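S.K.: Here's a sequence, model it:
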Amino acid sequence: MSDKNRDGKRTARERLAVEREKQKAADKRRRTLIVGASVVCVLGLAAVIGVVAANAGKDKGSSAGPAVAPSGAQGKDSLAIPVGKDGAKSTLTVWEDFRCPACKAFETAYRPTLHELADAGKLRVEYHLVRLIDGNLGGTGSLHSANAAACAQDAGKFRDYHDVLFANQPEESDDAFADNAKLIQLAGKVKGLDTPAFRKCVEDGTHNTWVDKSNQAFRAGGFSGTPTVLLGGKNIYQDQSMTPAKLKQMVEAAARG
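M.R.: Residues are numbered from 1 along each chain as shown. Prediction:
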């Protein structure tokens, strides 16, 4: 074989190798938004599981008062905040923490699809608010932001405020959401939410005990991390093949019967 032929074959092999690496990189990028963020939160949970267990039932910032569910909360112990029509054929159950970066990644990727399906009456989303990161890293930002979101539910503004909180999520190690003034400031981004009633609800921690009760239900459910996203009892967030488009197809197929 001539040197020229050998060089030509070597060049072709190199090109194929480069293309394979490009494809691997593209596949990795597609998985990173959801799967990668999930790993971060799950590893965070595993690393501090001893701390969480040691503090179970005595979280800093918890309220000893009765659990006051927000207006319209449904499900067992009124722990679910519903978004969408009751008659929807599909129900998505979402356990989230406003300090959790994986939850923000999920919301960023899936929010337009969830809004579209809920607005069309095809999907009902039940949100359960937890404080996983408070247990992992300390602080009360998960608790206070969840309480504020419940206060927004009282005002009929939950979905909009929920989206604002994730859009303005601080770094995971930054407990900025512990500051009620910050949460009230963000309410200004939702038309009609920043009212005296909302401010009092936030500052009084009206729903703090309810948030703690939801967090206890999360632990009792044996879930491994946030977000936990259930459709028909199956955790679709753990399905690496799941995409917003695939979820939309599943929900629309159920709506057609």
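S.K.: In the protein, where is pLDDT below threshold?
M.R.: Filtered on pLDDT under 70, the chain yields the residue ranges 1-64.
S.K.: On the three-state scheme, the residue positioned nearest the centre of it is what?
M.R.: Using CA atoms, centre = their mean, the residue of the chain that lies closest to the mean C-alpha position is C103, 3.0 Å off. Per DSSP: H, G, I helix; E, B strand; the rest coil, the secondary structure class of C103 is helix.
S.K.: Show the contacting residues for it.
M.R.: The neighbours of C103, taking CB atoms under 8 Å, 6 or more residues apart in numbering as the test, are 41, 96-97, 166, 226-227. In short, each C-beta sits where N, CA and C put it, glycine included.
S.K.: One more pass at 6 Å, please.
M.R.: C103 sits next to 96-97, 226-227 when contact means CB atoms under 6 Å, 6 or more residues apart in numbering.
S.K.: Okay, it and G257: tell me how far apart.
M.R.: Between C103 and G257 the distance, using CB to CB, to the nearest Å, works out to 32 Å.
S.K.: quick one: the helices in the stretch 101-250 of the chain?
M.R.: Ranges of helices in the stretch 101-250 of the chain, per DSSP state H, counting those that start in this stretch, are 101-119, 132-137, 141-154, 158-167, 180-187, 196-204, 208-220, 244-256.
S.K.: CSV please, covering these and showing distance to A88.
M.R.: Supplementary listing: the helices of the stretch 101-250 of the chain in CSV, determined by distance: least, CB to CB, whole Å:
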stretch, distance to A88
helix 101-119, 8
helix 132-137, 28
helix 141-154, 18
helix 158-167, 15
helix 180-187, 28
helix 196-204, 28
helix 208-220, 22
helix 244-256, 8
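S.K.: ranking those by burial, who's on top?
M.R.: helix 141-154 (a mean of 28; mean count of other CB atoms under 10 Å).
S.K.: So in that sheet, which strands flank the helix or strand T93 falls within, and in what orientation?
M.R.: Taking DSSP states H and E as the criterion, the element that holds T93 is strand 90-96. Taking DSSP bridges as the criterion, strand 90-96 pairs within the sheet with strand 123-129 (parallel), strand 228-231 (antiparallel).
S.K.: re the thing from before, wait, which of the contacts of C103 is closest to F177?
M.R.: Ranking the contacts of C103 by separation from F177, with CB to CB as the measure, puts D97 on top at 10.1 Å.
S.K.: isn't the closest one right up against T226?
M.R.: Yes - the criterion here is CB atoms under 6 Å, and D97 meets it with T226 at 4.8 Å.
S.K.: shared neighbours, the two?
M.R.: Common neighbours of D97 and T226 (criterion: CB under 6 Å, 6+ apart): 103, 132.
S.K.: mind giving me TSV with the contacts of C103 and columns for distance to E252 and neighbour count?
M.R.: Output for those, formatted as TSV (distance: CB to CB, whole Å; neighbours: other CB atoms under 10 Å):
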residue	distance to E252	neighbour count
E96	24	27
D97	29	29
T226	27	31
P227	22	26
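S.K.: For K157, state which of those residues is nearest.
M.R.: Sorting these by how near they are to K157, with CB to CB, puts E96 at the top with 17.1 Å.
S.K.: Okay, and the beta partners of the closest one?
M.R.: Assessed by DSSP bridges, E96 has beta-bridge partners L129.
S.K.: which residues does it contact?
M.R.: 103, 226-227.
S.K.: rerun at 7 Å
M.R.: Counting by CB atoms under 7 Å, 6 or more residues apart in numbering, E96 makes contact with 103, 127, 129, 226-227.
S.K.: same question, A67
M.R.: Residues near A67 by CB under 7 Å, 6+ apart: 209-210, 213.
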